[in-house]
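Peer 1: sequence plus the predicted model coming up.
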Amino acid sequence: MPVNTQAQEQIAAPSLTFSQDARSRLKQNKLALVSFWLLVFIGSAALLSLWFSPANPNTQHLAYTHLPPKWGNLNVPFFNGYRDGVDLYARSGVPRGTYFFLGTDYLGRDLLARILVGTRVSLFIALLATFFDLTIGVFYGLIAGWRGGRTDTIMQRLIEIISSVPNLIVVILMLLVFKPGLTSIILAIAMTGWVTMARLVRAETLQLKNQEFILAARTLGETSRRIAVKHLLPNLSSTIIIQTMFTIPSAIFFEAFLSYIGIGLPAPTASLGTLLADGQKVLQLYPSELVFPAIIIVVLMLAFNLLADGLRDAFDPRSSR
C-alpha cells in the first residue's frame, strides 16, 4: 500500500505565535478567567461610582446609624432591614423607598458607597505600584544586567540598601515630611516597591545578553537601546507581566494595612483599611460592617493571585509541571 508522504509531513496543529499560544493556555485556566472577569466587574463598578454612586460616601445621617442591609422590598433574610426581629428602618424613621444595600456605619454613612470608594483607592494604589514597577524596576534591572561589571555591582549594593529598610519605616519617615495620606503611601511605594521587579529583570537580562540572537544583533552594530527595545523587552515580557500581577495584591494589602493601623488615608476618606478598622470595633454587635469590606479585599487579593498564577502557567508551561 503506497504511503502518502505529503500527508504525513503536514502539521496537524495550527501555527501560533507566542502570544496566541499563551492566550490559548490562559483560556483553558477556568480559575484565571473567572478571576479576570471578577476583577473587571469590581474595577468597573468602582470606577463608575465616580458618576453613579448610590450615595455620597461622606454624608452623615446620625439617625440612621448601624442600619442592616436592605434590598428593596425583597424579604431576604439578613438583607431585609431586620435585626433580631425588629424593622430598624421603620424604627429609625427612614423614608419609604430609601434603602442601604449594605447598611450604614456608625455615622449613618452608606456602606456600599464607602466600599466602592475604598476599592477605587486600592485599585489606584495598585495602578501606581504597577507604573513604578514598569518604569523604575524594568529600567533599573535592564541597565544593571546589560552593563554588568562595576555598574551592576554598584546598582545591586544600592538595591540591598533599599531592601534593608522596611516599608513601614519608609512610610513613617514620609509622615515626618508630609501629612498622612495618599502622598506618603505613593512615595513609599515609589521608593521600595520596584526592587523585586528590578532584580528579576536583571537576572533575566544576564541570561539573555549572552545568547546568540543578542550577540548577532551586537555584531550587526545595533545600539544598546535598540537591542533593549527590539530584543530584550519582548523576551522579558512574560517575567514583567507575571511580576506585575503579583505586585498589585501586595500594594493593595500594603495600603489597607497602613489605613487599618491609622497611618494611611485620613478621615473622612474611605479605604478598605479604614472600613476594616471601623468594622472591627463593632464586630460583635454589627458584624456586617466588617464582613463586607473584608469580602472585597479577600476577593481582590485572591483574584489577582489566581490570575497571576494563570498568567505564569500560560507564559511558561514548564512552571505548571
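Peer 2: Cool, the structure landed. Residues are numbered from 1 along each chain as shown.
Peer 1: contacts, neighbours, all on C-alpha from now
Peer 2: Noted.
Peer 1: quick one, helices of the stretch 151-300 of the chain?
Peer 2: Remark: helices assigned in the stretch 151-300 of the chain by DSSP state H, counting those that start in this stretch are 167-177, 182-192, 195-208, 212-219, 224-227, 233-260, 272-281, 288-315.
Peer 1: would you turn those into a markdown table with distance to residue 56, mean neighbour count and mean pLDDT?
Peer 2: A markdown table is the format used below for the helices of the stretch 151-300 of the chain (distance: least, C-alpha to C-alpha, whole Å; neighbours: other C-alpha atoms under 10 Å; pLDDT from 0 to 100):
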| stretch | distance to residue 56 | mean neighbour count | mean pLDDT |
| --- | --- | --- | --- |
| helix 167-177 | 29 | 15 | 78 |
| helix 182-192 | 20 | 19 | 81 |
| helix 195-208 | 39 | 20 | 88 |
| helix 212-219 | 56 | 13 | 81 |
| helix 224-227 | 50 | 14 | 80 |
| helix 233-260 | 21 | 20 | 83 |
| helix 272-281 | 16 | 22 | 87 |
| helix 288-315 | 17 | 21 | 87 |
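Peer 1: closest one to residue 157 among these?
Peer 2: Taking C-alpha to C-alpha as the criterion, helix 195-208 is the member of the helices of the stretch 151-300 of the chain that comes nearest to residue 157, at 11.6 Å.
Peer 1: need the residue closest to the centroid of the chain.
Peer 2: In the chain, the centroid-proximal residue (C-alpha atoms, centre = their mean) is residue 248; its distance is 3.0 Å.
Peer 1: how about the nearest residue to that residue, chain neighbours excluded?
Peer 2: Closest residue to residue 248 in three dimensions, ignoring its sequence neighbours and counting by C-alpha to C-alpha, 6 or more residues apart in numbering: residue 126, at 4.9 Å.
Peer 1: and the next element down the chain from the host helix or strand of that neighbour?
Peer 2: In this assignment (DSSP states H and E), residue 126 forms part of helix 111-132. Going down the chain from helix 111-132, the next helix or strand is helix 138-147, by DSSP H and E.
Peer 1: how far off helix 182-192 does the helix holding residue 126 point, in degrees?
Peer 2: Angle, helix 111-132 to helix 182-192, by axes from the mean of the first three to the mean of the last three C-alpha atoms, to 10 degrees: 30 degrees.
Peer 1: now helix 111-132: average pLDDT?
Peer 2: For helix 111-132, the mean per-residue pLDDT is 89.
Peer 1: how distant is it from the center of its chain?
Peer 2: When distances are taken as C-alpha atoms, centre = their mean, to the nearest Å, helix 111-132 is centred 9 Å away from the chain's centroid.
Peer 1: again with stretch 199-212
Peer 2: In terms of C-alpha atoms, centre = their mean, the gap separating the centre of stretch 199-212 from the centre of its chain is 27 Å.
Peer 1: using CSV, write out every CA atom in that stretch.
Peer 2: The C-alpha coordinates for stretch 199-212 follow below in CSV (Å, rounded to 0.1, in the frame of the first residue of the first chain):
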residue,chain,number,x,y,z
ARG,A,199,16.1,42.0,40.5
LEU,A,200,14.1,39.7,38.3
VAL,A,201,14.7,41.8,35.1
ARG,A,202,18.4,41.9,35.9
ALA,A,203,18.6,38.2,36.3
GLU,A,204,16.8,37.5,33.1
THR,A,205,18.9,40.1,31.2
LEU,A,206,22.1,38.5,32.4
GLN,A,207,20.9,35.2,30.9
LEU,A,208,19.7,36.7,27.6
LYS,A,209,22.5,39.0,26.8
ASN,A,210,24.9,36.1,26.0
GLN,A,211,22.5,34.3,23.8
GLU,A,212,23.1,34.0,20.0
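Peer 1: select, out of the helices of the stretch 151-300 of the chain, the one closest to residue 70.
Peer 2: Using C-alpha to C-alpha as the criterion, the shortest distance between residue 70 and those is 11.9 Å, found for helix 288-315.
Peer 1: many thanks, have a good one.
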